[in-house]
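Asks: Here is a sequence with its predicted model. Questions after.
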Amino acid sequence: MTTRRSILKTAIGGLALAGGGLIGRLARADLPAGTIESGTLETLPGKQPLLKRSFRPPNFETPVAYFNDVITPNERFFVRWHLMNIPQVAAADWRLAVGGEGATQEFVLSFEQLRQEFEPVEVVAVCQCSGNRRGFSDPHVPGVEWGHGAMGNARWKGARLKDILARAGLRKESVEIAFNGADSPPLEATPDFVKSIPAWKALDENTLVAYEMNGAPLPHWNGFPARIVVPGWTATYWMKQVISIRALTQPLSSFWMNTAYRIPKGKFPLIDRFVSQESDTTTPITEMVVNSLITNLSDGQRVASGSAVVVKGLAWDGGYGIRRVEVSIDEGRTWERTELGTDLGRYSFRPWSFNFRPRGPGRVAVLARASNAQGSTQTDQLIFNGPGYHNNVIQKVVIDIA
Amino acid sequence: MAAALTLSLAARADESALRLKDAPELTTVRAYCSSCHSVDYIQMNAPFMKKAGWDAEVRKMIKVMGAPVPDEEVARIVNYLAANYGVE
């Protein structure tokens, strides 16, 4: 098991390498020193050790080594909450209230009704926190200082949200569908975490109210008994422990919609819009940007000169599909195509691998870059934004050839 | 609904081990900040925050999150954070 000391050592090794001149034209930012120091491996009940960012509310990320599996096991799946009061909900007691002024029919579902009365469907989809990689922002920005692991890929099973909304008799005036979870704020004055998505996205056949994750009940920390699954979009909309679904005829107005989780307009090559929530200058975050991660190499790793090295990794995007992943071992001057692995669908992680035989002694920077079916690719330079969202700067891992 | 729910304290089990730097106003910081979140939020956001950044965070906690911090305590908290978990 990795200890806190070895995490520190790795991080410091990374800094030393970066200072050693192997920065090239693709600079790289490290996590804040305080984040590295306080990022210990801790075990939540029912979970394997994860990298702790905060205890309360619990924010824990998945160590990179766990991403060598295309599906992220439930006990290794990252944990992210906004508010400290997180109830243990029993399936037998859970109720989902469906209604709102945009619904002609209000009703309440039990867990058994959700499972029995709607056609079960499955989708493999990446759930990624909007702020994943925030810790690498340069300059650093305040918030949960995530590294690479505020994400996971699971096979979600549940009812289509559109089927539930059909029973509610959605009126055509409905502009957004709002979700609330069972979690609650510590103070009356703290805004409850309620989120909405555009009606068109709620009616997408892939948007689910999920009650299974990788063939098992959802872990408590990932939203048992049921959560919203919005494939392609960042996890802020994937309401955990969902207890209320409301059809709105007016845009939801709250701190969590109007102030938080927003990005500058026009800075990112995104297609999905959330028009009812757009202002002149900002828009709610929507789909994920195309991205990739090297999963089997770490900074300072030693490789024997002339030996075969297999670089493994994952790529994902907002649901258009990964077209190619390339690797560079010459600071980005030339790129070679990697071999893409199993395709579990356009919302899933796509594994890839690349073989090469480095000659040493010396250091080699391994860079990876994914492109999607829309022709979008990762950026050389950070597209800086205050909340630290959408960081898809090309990753660099520096290995030692001896 | 509420009757069926009991609060989970499991995630809080280990935060008691967290130690902030011993300096003037530590008790003030603990009293106000710890009521809604563990203090590793402070450690995690250090030491890149300048005093103005810590000031903005404290004011956000009051204005947005409803933290009941009296005006006269704001500067004490900000000074502690800037001096012990900040850069200038």
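Replies: Ah, there it is.
Asks: Show me the longest helix that occurs in chain B.
Replies: Secondary structure of chain B per DSSP state H: the longest helix is helix B:71-85.
Asks: Can you name every helix or strand that that helix contacts?
Replies: Judged by 3 or more C-beta pairs under 8 Å, 6 or more residues apart in numbering or on different chains; DSSP states H and E, helix B:71-85 is in contact with helix B:26-33, helix B:40-44, helix B:51-63. Glycine gets a C-beta too; all of them are placed from N, C-alpha and C.
Asks: Now A:W94. Nearest residue, chain neighbours left out?
Replies: Spatially, and ignoring its direct neighbours in sequence, A:W94 is nearest to A:P225 (4.7 Å; C-beta to C-beta, 6 or more residues apart in numbering or on different chains).
Asks: Kindly state the pLDDT recorded for the residue of the stretch 201-350 of chain A found nearest chain B?
Replies: Closest residue of the stretch 201-350 of chain A to chain B, C-beta to the nearest C-beta: A:F255 (5.7 Å). You'll see A:F255 listed with a pLDDT of 97.
Asks: Please apply the same query to A:A27.
Replies: On the pLDDT scale, A:A27 is placed at 63.
Asks: Show me how far the longest helix of chain B is from its chain's centre.
Replies: Averaging C-alpha positions (C-alpha atoms, centre = their mean, to the nearest Å) puts helix B:71-85 10 Å from its chain's average.
Asks: what about it, average pLDDT?
Replies: Averaged over helix B:71-85, pLDDT sits at 98.
Asks: re earlier: number of residues surrounding the residue nearest to A:W94?
Replies: Other residues near A:P225 come to 24 when the count uses other C-beta atoms under 10 Å in any protein chain shown.
Asks: thinking it is in contact with A:E212, fair?
Replies: No: between A:P225 and A:E212 there is no contact under C-beta atoms under 8 Å: 10.1 Å.
Asks: anything in contact with each of those two?
Replies: A:L218 (C-beta atoms under 8 Å, 6 or more residues apart in numbering or on different chains).
Asks: who's in contact with the nearest residue to A:D204 once chain neighbours are set aside?
Replies: Nearest residue to A:D204, sequence neighbours excluded (C-beta to C-beta, 6+ apart): A:K162, at 7.3 Å. Residues in contact with A:K162 (C-beta under 8 Å, 6+ apart) are A:A202, A:L203, A:D204, A:E205, A:T207.
Asks: and A:D400, what is it in contact with?
Replies: Neighbour list for A:D400: A:G300, A:Q301, A:R302, A:V303, A:G360, A:R363 [criterion: C-beta under 8 Å, 6+ apart].
Asks: How about the contacts made by the third one?
Replies: The neighbourhood of A:R302, defined by C-beta under 8 Å, 6+ apart, consists of A:I399, A:D400, A:A402.
Asks: Please report the distance of the nearest residue to A:G169 once chain neighbours are set aside from A:R167.
Replies: Of all residues not flanking A:G169 in the chain, A:T104 sits nearest, at 3.5 Å (C-beta to C-beta, 6+ apart). Using C-beta to C-beta, to the nearest Å, A:T104 is found at 10 Å from A:R167.
Asks: Likewise for A:N385?
Replies: According to C-beta to C-beta, A:N385 and A:R167 sit 39 Å apart.
Asks: which SS class is the residue of chain A found nearest chain B?
Replies: Going by C-beta to the nearest C-beta, chain B is nearest to A:A189 of chain A, at 2.4 Å. On the three-state scheme (DSSP: H, G, I helix; E, B strand; the rest coil), A:A189 is labelled coil.
Asks: these two touch, right, it and B:V64?
Replies: No: using C-beta under 8 Å, A:A189 is not in contact with B:V64; the gap is 9.4 Å.
Asks: A:E112 and B:A52, how far apart?
Replies: Taking C-beta to C-beta, one finds A:E112 at 54 Å from B:A52.
Asks: Can you pull out the low-pLDDT segments for chain B?
Replies: Scanning chain B with the threshold set as pLDDT under 70 gives B:1-13.
Asks: Might you report the residue contacts of the nearest residue to A:T259 once chain neighbours are set aside?
Replies: Computed as C-beta to C-beta, 6+ apart, the closest residue to A:T259 that is not its neighbour in sequence is B:V64, at 7.2 Å. Residues in contact with B:V64 (C-beta under 8 Å, 6+ apart) are A:P191, A:F255, A:T259.
Asks: Run a quick neighbour tally on the last one.
Replies: Burial measure for A:T259: 13 neighbouring residues, criterion other C-beta under 10 Å.
Asks: now B:M49
Replies: Other residues lying near B:M49 total 24 when counted by other C-beta under 10 Å.
Asks: cool, B:R19 as well?
Replies: Counted with other C-beta under 10 Å, residues neighbouring B:R19 total 9.
Asks: Skipping adjacent residues, who's closest to residue 81 in space?
Replies: Since no chain was named, I'll use chain A. Distances taken as C-beta to C-beta, 6+ apart place A:P57 nearest to A:W81, at 3.9 Å, with adjacent residues excluded.
Asks: actually chain B
Replies: B:W54 (4.1 Å).
Asks: Relative to B:V69, how far out is the residue of chain A closest to chain B?
Replies: A:A189 sits at a distance of 12 Å from B:V69 (criterion: C-beta to C-beta).
Asks: Compare the two and say which is more crowded by neighbours.
Replies: The neighbour comparison of A:A189 against B:V69 (other C-beta under 10 Å) goes to B:V69, with 18 against 13.
Asks: Quick one, grab the pLDDT at the residue of chain A most remote from its centre.
Replies: For chain A, the residue at maximal distance from the C-alpha centroid (C-alpha atoms, centre = their mean) is A:P361, at 37.3 Å. A:P361 carries a pLDDT value of 94.
Asks: Contact partners for it?
Replies: Contacts for A:P361 (C-beta under 8 Å, 6+ apart) come out as A:S305, A:I401, A:A402.
Asks: so B:S38 touches B:D14, yeah?
Replies: No: using C-beta under 8 Å, B:S38 is not in contact with B:D14; the gap is 9.1 Å.
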